[in-house]
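Engineer: Here you go, sequence then predicted model.
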Amino acid sequence: MNLPSFDEFQQKSLAQGFDEVLEREWAPQTVLETHTHPFAVNAVVTRGEMWLTCHGQTQHLLPGDTFELARDVPHDERYGPEGAVYWVARKN
């Protein structure tokens, strides 16, 4: 796995028009039922594992995997036995 540093991820994201970049950490076995966000996201998993379900499709994401979500897209999130950490750029 060849991840950029958080600073590199942040600089690239801001240059792409995202206005907020942060690290999110989720506790083991956390489940978030269907919900939406009032912002678009571009993220990279840095530790642990998660499952992201949207449009009837589930992605199993591991460190180094990326995901994107448009604003207001309904989705579910589930985190593995070790939880997960990801860096996320938001476009509010």
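Structural biologist: Yes, it's here.

Engineer: Who does whichever strand in the chain runs longest pair with, and is each partner parallel or antiparallel?
Structural biologist: With residue count as the measure and DSSP state E as the assignment, the chain has strand 75-91 as its longest strand. In the sheet containing strand 75-91, the strands it pairs with under DSSP bridges are strand 20-26 (antiparallel), strand 31-35 (antiparallel), strand 40-54 (antiparallel).

Engineer: Report the buried residues of that strand.
Structural biologist: When burial is assessed from 16 or more other Cβ atoms under 10 Å, strand 75-91 yields the following buried residues: 75, 77-80, 83-90. In this view, the C-beta of every residue, glycine as well, is placed from N, C-alpha and C.

Engineer: how near is residue 7 to residue 25?
Structural biologist: According to Cβ to Cβ, to the nearest Å, residue 7 and residue 25 sit 18 Å apart.

Engineer: Looking at the two, which is more packed in?
Structural biologist: Taking other Cβ atoms under 10 Å, residue 7 and residue 25 do not tie; residue 25 has more neighbours (12 against 9).

Engineer: Hmm, that one is touching residue 85, no?
Structural biologist: Yes. Counting by Cβ atoms under 8 Å, residue 25 touches residue 85, with 4.8 Å between them.
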